[in-house]
Every structure is written in C-alpha cells, then in structure tokens.
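Enquirer: A predicted structure for the sequence below; I have some questions about it.
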Amino acid sequence: MREVYRKRGAIELFSRLVRQIRYQFSARIFGSRVWFRARAFANSVRYETVPNPYKITYINPDSVQYFSARKNKSGKNIAHTRWKDIGRVADGDWDIRSISSEYAIKNSLLYESIENHFERGVPWEQTDYVATSREHLRQDCHQNTWRATVRSEEDLWERCEQLEKLYERIETSGYKSKQEVFDSQSNDPMGYYPRTYKYTLDEVMIDRGRDGEPLLVDGKHRLFLAKVCGIEEIPVLVVVRHREYVNSG
C-alpha cells in the first residue's frame with residue numbers, strides 16, 4: 001500500500017482500500033461452504049445438474065486445446081457467470097463450434113506472448129499481448145483482457161510481475177492446487193484473495209463437450225503456464241457438461 005501511495009497518491013490508495021474491504025466482506029458471505037451448498041440446491045431445482053458439482057478432478061493441461069464457445073442467454077462472458085453455472089447440463093452445438101481455429105488456444109495472443117516470454121526470452125514489452133494492452137490503455141479501450149485489474153501501465157507491469165512469480169513457483173515447487181495453497185497459508189502469486197471455501201474451488205475451469213473434450217472457461221494464466229512448464233497434471237473444476245457426455249456415463 002505504501003508503494004501505491006508513493007506512485008499513485010492518496011485518492012488511488014483510498015479507492016483500493018474501499019474495493020478491498022468490499023471484496024473481503026462479500027467474499028466471506030458468498031464464498032462460504034453454506035452458500036455454495038445452497039446454490040447447488042437452487043440450481044438443481046431450476047435446471048438439470050450433476051451430483052457433487054464442486055468435485056475437483058485432474059487432467060493433463062495439454063489436453064485443453066480450445067476455449068469453450070458456449071454462450072449465455074444474457075450474452076455475458078461465460079467466465080463472468082462461471083460460479084452460478086457450475087454443475088449444469090446443457091444441449092447445443094457449442095462444443096462442436098469450439099473446435100475451430102477461432103477458439104484454438106495456440107492462436108491466443110496471451111498464450112503466444114506467455115510462450116514467447118518464458119520459452120524464448122522475449123521481454124514483456126516486446127510481446128504482442130503487452131503491446132496491445134498498452135495501446136488499449138492509451139486509447140482508454142475496454143477490449144483489454146486484463147481490464148478488471150489493469151487500469152494503468154503500472155498495473156500492467158504489476159500483472160506481468162505476478163506471472164513471473166507464479167512461473168517461478170511452478171518451476172521450483174510444482175503446480176499447487178488452491179487447496180494446497182490454502183492449507184499451507186502461503187501467498188498467492190496472482191494477488192490477495194480471502195481464504196474461503198470458494199478460494200479452494202477456484203481452479204482452472206472447463207466445460208466438457210459431448211465426447212468429453214475439455215474446453216477452457218477460466219484460469220487461462222495458470223493453464224498456459226502449466227503448459228509452458230510441462231506440467232503433466234493439474235486440478236480443474238467442470239462448469240457445464242454437454243448432455244450427451246453425461247448420458248454416455
């Protein structure tokens with residue numbers, strides 16, 4: 001906080017403190033085990049769901065090759081509604097549409113930049129993703145993928161530093177589940193998060209297509225770093241399953 005005050009001034013410091021207090025307060029309520037049990041019950045009444053929706057499973061990160069093309073009725077980004085969608089069973093051709101170059105992870109600007117930086121030593125400022133993010137900041141454009149946490153160039157470099165720390169931890173200590181981080185009471189390299197039941201579930205999130213194809217919903221930074229580091233297995237939480245996949249057993 002001292003660094004924020006020194007670089008950004010009292011107004012930004014106060015704004016961050018208010019956001020953190022509000023975040024902690026809501027997290028304690030909406031991040032509890034009781035709240036998630038209630039949500040699972042409510043979901044089971046409203047639409048078809050699977051038993052034990054919050055079960056963590058393990059997969060090879062390289063098996064995730066595409067983003068999910070599933071859409072919400074509200075039109076919102078599926079990552080934004082992931083928590084309330086967990087456990088749902090859904091029809092549709094969203095899984096088929098996902099298997100295309102448009103949704104291929106290898107074509108993602110962020111993945112290419114992470115790969116270039118950590119595998120080829122390209123400085124962050126020379127990666128396409130950071131260059132694009134800086135341009136969006138200059139134009140006050142809302143297309144920046146990091147817009148929720150990156151509001152200035154200082155925030156942008158802080159985000160890059162967080163990725164560096166997470167990469168170093170994976171390289172030296174292996175890939176840790178959120179439950180392991182919670183139990184060890186160690187710091188999360190990606191920032192401060194209230195230690196709640198919700199935190200232990202906040203793994204890489206995927207959808208399952210009709211053939212079981214894992215399709216990325218959220219957690220791209222951790223997934224991409226796991227790929228770059230050659231990790232063989234990571235914990236994931238399934239958000240939505242295609243009905244044909246569920247019916248196939």
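Expert: It's in.
Enquirer: Do a quick rundown of the strands in the chain.
Expert: 56-59, 66-67, 88-90, 204-208, 214-218, 234-242 (DSSP state E).
Enquirer: I'd like the ones you listed written out as JSON lines, with distance to residue 187 added.
Expert: C-beta: built from backbone N, CA, C; applies to glycine. As requested, the strands of the chain are exported to JSON lines (distance: least, Cβ to Cβ, whole Å):
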{"stretch": "strand 56-59", "distance to residue 187": "21"}
{"stretch": "strand 66-67", "distance to residue 187": "29"}
{"stretch": "strand 88-90", "distance to residue 187": "33"}
{"stretch": "strand 204-208", "distance to residue 187": "19"}
{"stretch": "strand 214-218", "distance to residue 187": "21"}
{"stretch": "strand 234-242", "distance to residue 187": "19"}
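Enquirer: Can I get these in JSON lines including mean neighbour count?
Expert: JSON lines is the format used below for the strands of the chain (neighbours: other Cβ atoms under 10 Å):
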{"stretch": "strand 56-59", "mean neighbour count": "13"}
{"stretch": "strand 66-67", "mean neighbour count": "22"}
{"stretch": "strand 88-90", "mean neighbour count": "18"}
{"stretch": "strand 204-208", "mean neighbour count": "24"}
{"stretch": "strand 214-218", "mean neighbour count": "23"}
{"stretch": "strand 234-242", "mean neighbour count": "24"}
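Enquirer: out of those, nearest to residue 176?
Expert: strand 234-242 (9.2 Å; Cβ to Cβ).
Enquirer: Give the pairing partners of the closest one; include direction for each.
Expert: strand 56-59 (antiparallel), strand 88-90 (parallel), strand 204-208 (parallel) (DSSP bridges).
Enquirer: Return the angle between stretch directions for it and strand 214-218.
Expert: 100 degrees (axes from the mean of the first three to the mean of the last three Cα atoms, to 10 degrees).
Enquirer: Residue 204 pairs with what?
Expert: What pairs with residue 204, by the bridge criterion (DSSP bridges), is residue 236.
Enquirer: so who does it touch?
Expert: Residue 204 makes contact with 61, 64, 216, 218-219, 222-223, 226, 234-237, according to Cβ atoms under 8 Å, 6 or more residues apart in numbering.
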